[in-house]
Each structure stands twice: as C-alpha cells, then as structure tokens.
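J.: Attaching a predicted model along with its sequence, questions to come.
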Amino acid sequence: MANVVFIGAGLGGMAGAYEMRDALGAAHQVTVINERENFQFVPSNPWRAVGWRESEQISFPIRPYLEKKGIAFIAKRVDEIDPVNQRIILNDGEQVDYDYLVVATGPRLAFEEIPGAGPHGFTQSVCTLDHAEKAHEDFKKLLENPGPVVIGAMPGASCFGPAYEYAFILDTALRRANIRHRVPITFVTSEPYIGHLGLGGVGDSKGMMESELRKRHINWITNAKTKRVEAGKLFVDEVDAHGQPLTEHELAFVHCMMLPAFKGVDAVAKVEGLCNPRGFVLIDKHQRSTRYANIFSAGVCVAIPPIEQTPVPTGAPKTGYMIESMMTALVHNIRDELAGKPADAEGSWSAFCLADMGDTGAAFIAVPQLPPRNIMWYKQGKWAHFAKIAFEKYFIAKMKSGVSEPFYEKWMLDAIGLRRLDKKMHHF
C-alpha cells in the first residue's frame, strides 16, 4: 500500500486529495498535512475585509470532511522534507513517510522584502483570512476617520486580481456608507499598465479596467516600485519603460492594502534541487519535480516564468481553473504509475477567472494562460458579480461534500461558459 501525502489543504490541495482518494480506491492511503485546522476560501477575503462576510461563512474545519472520505488529516506545520528517505518532519518532531509527495502549500508572503510592509508593519493584506480580519478592523477605523487610501501590489507580485477587487469593493462600501467623497483612493501597482494582471493583458482588459477606475475616481500609478512603508506613508518610485526613475511619490494614507511578492514556503524552498531561487517547485509538463521522481506539485507554489520582462518585476498568476487542471493531471499520473502505466497526463494551464467589483464584476479567459493564446476574452457586468457570489457558495458546498470530479471547469464552462455568458446576463 502506497501513502500519497499532500502538503497543503487550500483550493488545490483539498480538491486534489478528494480526487486522489477516488482515483486510487481503498488500495492506497491518502494523507493531508496542513498547518491549520480550517479550510479558508481565499477568494472571499476582500469581502471579509469590508465586513460583507463573517469568517464562519468562508471557513470550515477540515478534519471531519476529509476523514469522512477516508483521508487521513494532520494539522501541523511541515518543518523539513527529506526526499532521500521519503520522509516529512513536522514541527513537533513527528515523522511521516511517503511514497508520493504532492506539494500544494501555496506561497510564503514575502512582506520582508519591503521595509514596513505587511500586517505586522503598516499595510493590510487580503491574502489569508487572518489578514482579512485585521484589514476589517482597519477598515472600521477608516469609516470613523475617513482619509486617503492606497491599494495595490508590490514589486514581484504575481496575483493582481485581489488588489483590483479590493479597490472596487472598498469604493462600493464607502459609497454605501456615504463617505466616498472624503476618501481619495490611489491604486499603486508594479504592472507596466492597468489591466496587465501579470498576463500581458487579456483582451481589452487595459482599456476596460482604466475606464472602471476613472468612473470610480480612483487614481493610479503604474511601473511603481514600492520602496518602504512608514506609519501613514507609502514611498514609491515610478519608473519609465526602461526601469529608470521618473517620479518619487510619498503617498499619505489612513488605510493601505498592498499585495506582496510570493516566495516558496521555507520547508519546501530549502530542499536541495527542488526549487528555483525564489523557492518555487521546478516541475515538468506532467507536474513532476525535475529532480525527484516521486514528488509532484501544483498551484501557486510551482515555478512559472513571467509572461514578459517588465520595468518593475511582475510574476505570472496561477488561477483556480489552472490549479485544478494541474491537480487533475498529477492525480492521473500518480494513479497510472501505481498501476504500472506511463504517466503522461498534462494540465491545460488555462486562465478562467471571475473578479468581483463591488456592484458589478468581470470575467477573463486566457487559453492557454501563457502566450501565444488561442483565446483572449474579457467582459464585465453585474452577471459576473452574482456569478462570483454563486461560485463561492458552490465551491464551499462541494468542498464539504467531498467532491472528486473537477468542478472549476464544470461550473465555469457550464454555468457561465462562453456559449452561455450572454444568456446568463438576462437571468441576473
């Protein structure tokens, strides 16, 4: 009997463990290790930050749902991976042996790269539920003492969507509170232009996102190299297309949410030959480590080169649909290897995302995610806002039910698929 161990129980790890359990049947063991007891639906964190969700609505205990499916669960932090002896050492010294290892840890948030950044410094974050809860406390202070707001993404960031979402959601929340006129908002991003999204743009995302920012009276600074943060001040160098300084900005704020660059988590990053210098797992087209034959990886923790070189460093995002595709491929490959068959499954690596904008929304598709692409498509409307809400409920319900089949594709391509988008608009 083989033991397939997942490290991480996020969007990819949780769904991947369910899929692996059904693919392998009772002949093999599936184990999930996660440093927290609870699952967090990360895409809803911007809503939590403005009080549109309570934590209990977007989080639930992992153990009963995994164990119901016959999946072992360990709620401890992984401190070391020993690939030679195929062993994991946990923070309390416990050791777990594996036959196959699936690294699905997500990222480490590299706030330390910008002095004064992060929830332990002077900026807020929506990257984790804990961070969103702290951001909500800061948001309540903003309501009591309105003033300038800065939102955006720091150099090296790769996940820009939540920054745009939070800017639009915050704008809507402030208008509903009748204090938007007292809160100037500046969007500060390392992207070379608005709507780049780490993808080199998708369809007319540049023009449409700029238009939306203008309509909401949100100013922006692109090619922004955040240098440091002090209490109530963000210091930014704006550079030109060649990376040369143009303008130094000192932006005052009462509330500031800046997404950080990502790195690999420490236990994974320090394994010799497993990762690139940033700590992301190096994989082949079958999701297998290029160094260790029985280690696979999927999600934000894998190494993907930037779409293009930009004046201020940016990374390529790993979207939910893309992560699901990676997970399905590695599940099939491990199943086939255990059955003595060649492992040749590959993920589609396409981007298909919904973004909430407070009182409207947007959807974009990039097939494949890395250019050149067969499809580049971007649309916005209230239907996308309601679709994001519906997807939150759908996803959490499926995670609790122990679904094993891929569901990003089922939901997005069926419920709001390309052929039905215009029809669905009339139903919302």
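T.: Noted; the coordinates are in hand.
J.: Where does residue 229 sit, in terms of helix or strand?
T.: Per DSSP states H and E, residue 229 falls inside strand 224-230.
J.: ok, then the element right after that strand?
T.: Proceeding N to C from strand 224-230, the next assigned helix or strand is strand 233-239, under DSSP H and E.
J.: So which elements touch the strand holding residue 229?
T.: Judged by 3 or more C-beta pairs under 8 Å, 6 or more residues apart in numbering; DSSP states H and E, strand 224-230 is in contact with strand 185-189, strand 233-239, strand 255-259. The C-beta positions use only the backbone N, C-alpha and C, and glycine is treated the same way.
J.: Mind listing what's buried along that strand?
T.: Across strand 224-230, burial judged by 16 or more other C-beta atoms under 10 Å covers 224, 225, 226, 227, 229.
J.: Span of stretch 37-50 from start to end?
T.: With C-alpha to C-alpha, to the nearest Å as the measure, stretch 37-50 spans 25 Å from end to end.
J.: hang on, I meant stretch 51-62
T.: For stretch 51-62, the first-to-last residue distance is 24 Å (C-alpha to C-alpha).
J.: Now do it, average pLDDT.
T.: Mean per-residue pLDDT for stretch 51-62: 98.
J.: any idea which helix or strand carries the closest residue to residue 361 other than its chain neighbours?
T.: Nearest-residue entry for residue 361: residue 384, 3.0 Å, with adjacent residues in sequence omitted and distances by C-beta to C-beta, 6 or more residues apart in numbering. For residue 384, the element it lies in under DSSP H and E is helix 382-401.
J.: Buried residues of that helix, list them for me.
T.: Under the neighbour-count criterion of 16+ other C-beta under 10 Å, helix 382-401 has 383-389, 391-392, 395-396, 398-399 buried.
J.: Domain-wise, how is this structure divided?
T.: As given by automatic domain parsing, the domain ranges for the chain are 3-44+58-109+263-349, 111-256.
J.: Out of the buried residues of strand 224-230, flag the one nearest to residue 168.
T.: Distances from residue 168 to the buried residues of strand 224-230, taken as C-beta to C-beta, are shortest for residue 224 (18.6 Å).
J.: Bridge partners for the closest one, pull those for me.
T.: For residue 224, the beta-bridge partners under DSSP bridges are residue 238.
J.: Just the local confidence number for it, please.
T.: For residue 224, the model assigns a pLDDT of 98.
J.: what sits against it?
T.: Listed by C-beta atoms under 8 Å, 6 or more residues apart in numbering, the contact set of residue 224 reads 152, 188, 189, 190, 236, 237, 238, 249, 312.
J.: give me that answer again for 10 Å
T.: By C-beta atoms under 10 Å, 6 or more residues apart in numbering, the contact list for residue 224 reads 152-155, 186-191, 234, 236-239, 247, 249, 251, 311-312.
J.: Now, of those, which are buried?
T.: 152-155, 186-191, 234, 236-239, 249, 251, 311-312.
J.: circling back to that earlier point, which one of the buried residues of strand 224-230 is nearest to residue 147?
T.: Set against residue 147, the nearest of the buried residues of strand 224-230 by C-beta to C-beta is residue 229 (16.0 Å).
J.: what sits opposite that closest one in the beta ladder?
T.: Beta-bridge partners of residue 229, counted by DSSP bridges, are residue 234.
J.: Residue 73 too?
T.: Note on residue 73: beta-bridge partners residue 32, judged by DSSP bridges.
J.: Tell me the span between the first and last residue of stretch 203-222.
T.: End-to-end span of stretch 203-222 (C-alpha to C-alpha): 19 Å.
J.: meant to ask about stretch 41-50
T.: Stretch 41-50 has an end-to-end distance of 16 Å (C-alpha to C-alpha).
J.: now the helices: where do they sit in this protein?
T.: Under the criterion DSSP state H, the chain contains helices at 11-24, 45-49, 63-68, 129-144, 161-176, 205-215, 266-269, 320-338, 382-401, 408-410, 421-425.
J.: Alpha carbons only: can I get the fourth one in PDB?
T.: Going back to what we said before, that points to helix 129-144. Taking C-alpha atoms only, helix 129-144 is exported to PDB below (Å, rounded to 0.1, in the frame of the first residue of the first chain):
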ATOM      1  CA  LEU A 129      -8.300  35.000   6.500                       C
ATOM      2  CA  ASP A 130      -6.400  36.300   9.500                       C
ATOM      3  CA  HIS A 131      -5.100  39.200   7.400                       C
ATOM      4  CA  ALA A 132      -8.600  40.000   6.100                       C
ATOM      5  CA  GLU A 133      -9.900  40.000   9.700                       C
ATOM      6  CA  LYS A 134      -7.200  42.500  10.600                       C
ATOM      7  CA  ALA A 135      -7.900  44.600   7.500                       C
ATOM      8  CA  HIS A 136     -11.500  44.700   8.500                       C
ATOM      9  CA  GLU A 137     -10.600  46.200  11.900                       C
ATOM     10  CA  ASP A 138      -8.500  48.800  10.000                       C
ATOM     11  CA  PHE A 139     -11.500  49.400   7.600                       C
ATOM     12  CA  LYS A 140     -13.700  50.200  10.600                       C
ATOM     13  CA  LYS A 141     -11.200  52.800  11.700                       C
ATOM     14  CA  LEU A 142     -11.400  54.300   8.200                       C
ATOM     15  CA  LEU A 143     -15.100  54.600   8.500                       C
ATOM     16  CA  GLU A 144     -14.700  56.500  11.700                       C
END
